[in-house]
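Asks: Sharing a sequence plus its predicted fold:
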Amino acid sequence: MSSPPRDNNGEAVTVDEAADLLLCDPPSPPSSRGGDMLPVYVEAADDGDAVAPPFSWKKMWQFTGPGLLMSVAFLDPGNIEGDLQAGAIGGYSLLWLMMWATAVGLLIQLLSARLGVATGRHLAELCREEYPYWAGILLWIMTEVALIGADIQEVIGSAIAIRILSHGVLPLWAGVLITACDCFFFLFLENYGVRKIEAVFAVFISMMAVAFAWMFVDAKPSGKELVLGLLIPKLSSKTIQQAVGIVGCVITPYNVFLHSALVQSRNINPKKIGRVKEALKYYSIESSVALLVSFAINLFVTSVFAVGFYGSKQANSVGLANAGEYLQEKYGGGLFPIYYIWGIGLLVAGQSSTISGTYAGQFIMAGFLDLQLQKWLRSLISRSCAIVPTVIVALVFKRSEATLDALNEWLNVLQSMQIPFSLIPLFTLVSKEQIMGVFKIGPALERVVWTVTALVMVINGYGLFSHISTSDRHLIPNTVARFIDNGIQRFEFLGRVVGKAIYELAVKVAPLGSCIDMFEFGREAGENDVELLKRGEGEETVEREMEREVRWRERRGERDWLALEAEMCQRGGQEEATEERR
């Protein structure tokens with residue numbers, strides 16, 4: 001007679017309780033599995049395994065959790081700042097973009113969950129196994145850079161919230177150090193299983209929803225304008241940068257890696273098609289609901305700042321660092337001052353996202369590098385990478401609100417540059433049948449995801465160059481500013497020099513060069529000189545024309561390149577004359 005099933009403490013449990021324990025068993029410490037990549041084989045001939053069981057609310061509850069941790073990346077301080085700037089500068093006009101960007105983010109996260117469930121491995125592990133060593137290291141570096149950038153934003157947001165709630169008693173650097181302690185709280189929770197962590201995140205998200213909904217009710221936004229903002233696409237020149245920021249904030253590179261690992265906290269056999277289908281169904285519902293809640297919270301923040309600051313003098317200056325003071329001036333005290341409501345919401349957003357980032361850092365480091373480290377050491381390493389530079393920033397900038405806001409904007413740009421290094425591996429892997437088996441995405445969806453990737457890259461590329469061109473130069477180090485300016489001024493000159501070098505190489509291979517060709521390569525006005533040479537008016541006439549152009553170009557600061565051009569053309573003319581005499 002077989003003994004009854006028992007839990008982790010050795011106590012007897014019922015069959016249903018044993019099934020729950022098996023399904024919700026927390027994952028082992030994030031570590032990577034070695035070995036070569038093995039294709040996923042499924043027993044498609046077994047019809048019992050190919051059919052998903054019917055919907056069950058009990059199963060829905062058991063699968064609820066990973067989407068909560070994933071959705072926190074849509075609510076971090078970087079997103080909150082993007083929301084408030086979109087509302088203050090664009091009013092309700094960008095709500096439609098926020099809605100569609102969230103839908104795109106949902107598609108990406110569902111594909112990440114699909115990859116994790118169907119393969120039994122997360123994205124970082126698959127990248128290490130599928131890509132060459134150098135490519136895997138490059139992807140790891142880019143992902144870590146994005147994670148550190150996001151973590152700095154989250155820590156700064158938490159530190160600002162702590163300063164608000166302490167009424168300025170605690171400086172920014174003290175808030176950073178307090179926030180750093182959350183990794184130990186995370187380690188404490190992890191010892192009790194992933195369900196405890198998921199419960200804490202459910203509380204965090206509920207607190208954010210209540211805080212920002214309270215502000216939304218106090219602001220009394222226009223329902224008509226809100227609905228029109230959601231349904232009617234509208235984009236103007238003054239809101240381009242905010243639109244790019246919304247798209248960039250919604251897609252968080254580390255979150256793609258995190259979600260593919262979180263879905264493995266449930267015991268799912270990837271070889272059983274029916275079980276995989278069941279898991280994907282519940283994860284899709286859970287992720288959709290979680291992102292619907294996150295979209296509502298983002299909408300609350302945007303609406304509050306649209307009501308209070310759209311069209312005002314403070315619209316272009318409001319940011320995370322000073323938003324509390326502006327809100328207090330606009331909406332006043334009341335039963336519970338909005339200043340502190342904002343601080344509570346911002347603190348919860350920062351704390352939840354820093355814990356989520358710490359969790360993601362463990363999976364990323366273990367997956368890419370196949371490191372078998374203790375949990376506390378992995379957490380310490382991942383937290384130090386963000387805390388050390390953030391403390392330096394806090395000590396240097398202190399209460400410089402404009403500089404902190406500018407730093408947040410540059411960190412958003414930094415993360416947007418890393419997006420291709422997470423989306424391209426994800427979409428490549430979910431498109432491979434040898435990786436996904438029968439769960440490979442179809443041709444239509446494949447075209448959609450690559451189109452989305454191209455659009456996101458174009459939008460973020462535009463945002464990068466737009467941000468560089470419009471940023472206040474006093475917020476950029478002088479050496480960097482001079483480098484950018486000199487690069488822009490000399491771009492044309494470098495292009496022409498490269499063109500001449502290519503030409504000279506071609507001449508060595510096939511001696512067809514002439515001074516006429518030199519003028520065609522090197523000068524905008526070269527066509528006139530070509531005509532002079534063809535008419536036989538000689539090199540002296542050409543040199544006189546060049547001297548006239550030298551004087552004109554000197555006024556444009558192009559003396560150096562013109563002298564080089566004259567010397568090259570003169571040398572070319574002499575060589576051609578020697579060839580004619582021969």
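Replies: Now that the structure is in, tell me what you want to look at.
Asks: Tell me where the protein is predicted with low confidence.
Replies: Applying pLDDT under 70 to the chain flags residues 1-52, 183, 187, 333-335, 375, 382, 386, 397-406, 466-582.
Asks: Give me the domain ranges for it.
Replies: What the record gives for the chain is the domain set 47-476, 482-581, from automatic domain parsing.
Asks: In CSV: the ones you listed, plus mean neighbour count.
Replies: In this view, the C-beta of every residue, glycine as well, is placed from N, C-alpha and C. Formatted as CSV, those follow (neighbours: other C-beta atoms under 10 Å):
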stretch, mean neighbour count
domain 47-476, 20
domain 482-581, 14
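Asks: Next, residue 168: secondary structure please.
Replies: Following DSSP: H, G, I helix; E, B strand; the rest coil, we place residue 168 in the coil state.
Asks: Tell me the spacing between it and residue 160.
Replies: From residue 168 over to residue 160 the distance is 11 Å, taken as C-beta to C-beta, to the nearest Å.
Asks: before we move on, what about residue 462?
Replies: 29 Å.
Asks: Could I get the contacting residues of residue 253?
Replies: Going by C-beta atoms under 8 Å, 6 or more residues apart in numbering, residue 253 touches 142, 143, 146, 147, 415, 418, 419, 421, 422.
Asks: Mind picking the two most distant members of those?
Replies: Across those, no pair lies farther apart than 147 and 419, at 12.8 Å, counting by C-beta to C-beta.
Asks: Now residue 124: closest residue in space, sequence neighbours ignored.
Replies: residue 367 (2.6 Å; C-beta to C-beta, 6 or more residues apart in numbering).
Asks: Does residue 395 touch residue 173 like I think?
Replies: Yes - counting by C-beta atoms under 8 Å, residue 395 does reach residue 173; the two are 5.3 Å apart.
Asks: between the contacts of residue 253, which is closest to residue 82?
Replies: Nearest member of the contacts of residue 253 to residue 82, counting by C-beta to C-beta, is residue 415, at 11.4 Å.
Asks: Tell me which helix or strand comes right after the helix or strand that that closest one is a member of.
Replies: Under the criterion of DSSP states H and E, residue 415 resides in helix 401-418. Moving toward the C-terminus from helix 401-418, the next helix or strand (DSSP H and E) is helix 420-430.
Asks: That next one: what's the following helix or strand?
Replies: helix 433-436.
Asks: Please export the C-alpha coordinates of that following helix as CSV.
Replies: Only the C-alpha atoms of helix 433-436 are listed here, as CSV (Å, rounded to 0.1, in the frame of the first residue of the first chain):
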residue,chain,number,x,y,z
GLU,A,433,10.6,25.0,-35.4
GLN,A,434,13.6,23.1,-34.0
ILE,A,435,13.4,25.2,-30.9
MET,A,436,9.6,25.7,-30.5
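Asks: Who are the packing partners of the helix or strand following that helix?
Replies: Next helix or strand after helix 433-436 toward the C-terminus (DSSP H and E): helix 443-470. Helix 443-470 sits against helix 95-119, helix 240-250, helix 401-418, helix 420-430, with contacts defined as 3 or more C-beta pairs under 8 Å, 6 or more residues apart in numbering; DSSP states H and E.
Asks: Any chance you could list what contacts the second one?
Replies: By C-beta under 8 Å, 6+ apart, the residues outside helix 240-250 that reach it are 74, 78-79, 82, 85-86, 89-90, 94, 97-98, 101-102, 104-105, 235, 409, 412-413, 415-416, 419, 456, 459-460, 462-463, 466-467, 470.
Asks: what's the answer for the last one, then?
Replies: The set of residues external to helix 420-430 that reach it, using C-beta under 8 Å, 6+ apart, is 108, 111-112, 114-115, 123, 126-127, 130-131, 138-139, 142-143, 146, 251, 253-254, 256-257, 260, 435-436, 440-441, 446, 449-450, 453, 456-457.
Asks: ok, now with 7 Å
Replies: 108, 111-112, 114-115, 123, 126-127, 130, 139, 142-143, 253, 256-257, 435-436, 440-441, 449-450, 453, 457 (C-beta atoms under 7 Å, 6 or more residues apart in numbering).
Asks: Now do that helix against helix 443-470: the angle between them, please.
Replies: If you take axes from the mean of the first three to the mean of the last three C-alpha atoms, to 10 degrees, helix 420-430 sits at 180 degrees to helix 443-470.
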